[in-house]
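Q: Below are the sequence and a predicted model for it; my questions follow.
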Amino acid sequence: MADFEKAYKAVMEHEGNNHRQEQENTKILLCSDCFRDEGLKIEAYKIGIDNNDKCPKCKSVSGHKLTKGLVQDLCYRFFVRSTILKLDYGGAPLIQFNPQHFNKTDIDIPPWLADDVKLIEQAGEIGMFYYGPRFWMLGEVEPLKSLQNTDERNEIVEKILTAYPVRELTDKEYFYRLRVNPKVSHDFGEYDAAPDEHLGKNRFDDIGFPVLYGSPDLELCLHECRTTVEDNLFVAKLVPTQKLKVLDLSALLEEEGVKEFESVDIAIHFLFLAGEHSYDICRQIALKAKEKGLDGIIYPSYFSYVRTGAFPFETIYGRSIRRIPQLKDYAQSQSIPNLALFGRPVNENKVTVDCINKVVINRVGYDITFGPAYHKAYEDDTSIENHDDTTSDGQ
Ligand SMILES: [Zn+2]
């Protein structure tokens with residue numbers, strides 16, 4: 001349990017929620033100027049302490065200073081977060097580190113990183129290694145496999161429909177609908193579900209099955225529509241005119257005594273982090289939900305993690321943070337809900353266009369993190385051997 005507590009605190013610290021470790025350990029060991037790798041230098045500068053003290057290692061006064069805790073944080077950002085390999089469903093970092101591997105780092109690194117890794121290892125008292133992810137992280141989740149199997153899909157979709165909560169949306173729950181280059185920007189019909197010729201291209205809609213997509217998060221709409229500065233953009237604020245019953249797939253499902261590989265919650269979590277190859281499954285869920293008399297679905301956005309900057313497959317000792325009760329709120333805060341309403345709700349008077357605005361993109365910003373470039377690991381699949389035992393783990 002002591003290890004878990006430590007890991008739990010470490011995870012919270014990685015997200016910048018508290019600086020306990022920093023307070024406990026304020027001794028400066030390195031600075032951003034100590035490193036040779038440009039990405040590592042920039043990452044260290046971003047998280048390091050800004051003061052004019054002389055670095056004990058390289059004597060720089062302008063570099064941002066790092067304590068032991070910050071060195072570990074740097075290692076996490078650069079080597080763990082930035083080496084996540086995303087698969088069709090699920091994903092895991094290629095590299096992990098822990099104190100048990102101190103002085104035993106065995107990852108393949110480019111020559112310009114060799115000295116930097118030694119510095120990190122010594123200051124952080126940690127060692128890096130290739131992570132052997134659990135099978136469930138790579139999509140080996142029973143309900144998810146059943147969803148991909150057309151013979152078993154129906155049964156599991158039924159289960160999803162009964163397991164997840166149904167929410168009622170009222171006129172308090174407005175949302176946005178963005179239109180890129182509309183023909184007539186003030187025509188309310190432009191802000192309804194897409195016309196017939198465009199159906200069957202998105203997550204839930206299909207030929208003969210229109211769906212209106214919206215989000216309470218305007219920036220997310222801009223991401224989802226993959227807008228560019230050249231586009232002529234308009235946004236409508238849409239308000240329900242009656243109570244709408246929607247299935248809430250963005251909820252974190254509590255499943256008593258269920259492991260990750262058998263979890264419906266993990267299956268749904270991975271499903272909405274997956275791209276177009278997952279749409280047939282989503283369409284089946286939508287179709288069944290409509291048959292049950294529901295008006296739509298709330299679902300976690302594919303771009304949640306771009307928007308919140310969170311780490312999509314976060315684990316502690318091989319357990320998903322979604323399965324740890326103390327971290328429920330934290331996990332929930334990482335996903336941003338989107339709304340899909342069946343049919344043509346504007347035309348059917350289920351929602352009304354409250355107002356329309358022009359949207360001008362003045363500036364597009366990127367929030368980037370650097371990671372290591374590899375000779376071997378990125379090309380050679382055999383370097384990630386998955387395993388499912390409980391004796392070794394990444395964190
Ligand atoms: Zn330095």
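A: Perfect, I can see it now.
Q: So the residue of the chain most remote from its centre, which state does it fall into?
A: Each residue of the chain has a distance to the centre, and by CA atoms, centre = their mean the biggest one is for K59: 38.9 Å. The three-state label given to K59 by DSSP: H, G, I helix; E, B strand; the rest coil is coil.
Q: got the contact list for it?
A: K59 is in contact with no residue at all, counting by CB atoms under 8 Å, 6 or more residues apart in numbering. For every residue, glycine as well, the C-beta is placed using N, CA and C.
Q: one more time with 10 Å
A: Applying CB atoms under 10 Å, 6 or more residues apart in numbering to K59 gives the contacts 31, 33-34.
Q: For the residue of the stretch 101-250 of the chain found nearest the ion, which residues are in contact?
A: With distances taken as CB to the ion, the stretch 101-250 of the chain approaches the ion most closely at L119, which sits 8.9 Å away. By CB under 10 Å, 6+ apart, the contact list for L119 reads 29-30, 34-36, 40, 57-58, 66, 71.
Q: can I assume it sits in a strand?
A: No: with three-state DSSP as the criterion, L119 is located in helix rather than a strand.
Q: Right, and the ion sits closest to which residue of the stretch 251-395 of the chain?
A: F370 (18.0 Å).
Q: Counting by contacts, list what the helix or strand hosting F129 packs against.
A: F129 is part of strand 127-130 when elements are defined by DSSP states H and E. Packing contacts for strand 127-130, counted by 3 or more CB pairs under 10 Å, 6 or more residues apart in numbering; DSSP states H and E, involve strand 95-98, helix 114-124.
Q: need the ones you listed in TSV with distance to T227, can you?
A: Converted to TSV, the helices and strands packed on strand 127-130 look like this (distance: least, CB to CB, whole Å):
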stretch	distance to T227
strand 95-98	34
helix 114-124	38
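Q: which of these has the lowest average pLDDT?
A: Out of the helices and strands packed on strand 127-130, strand 95-98 stands lowest, with a mean of 91 (criterion: mean pLDDT).
Q: export it as CSV, just CAs?
A: Taking only C-alpha atoms (Å, rounded to 0.1, in the frame of the first residue of the first chain), the coordinates of strand 95-98 have been written out as CSV:
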residue,chain,number,x,y,z
ILE,A,95,9.5,3.6,-21.9
GLN,A,96,9.0,3.7,-18.1
PHE,A,97,11.3,4.4,-15.2
ASN,A,98,11.5,3.7,-11.5
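Q: What are the neighbouring residues in contact with Q332?
A: Shown in contact with Q332 (CB under 10 Å, 6+ apart): 250-252, 300, 322.
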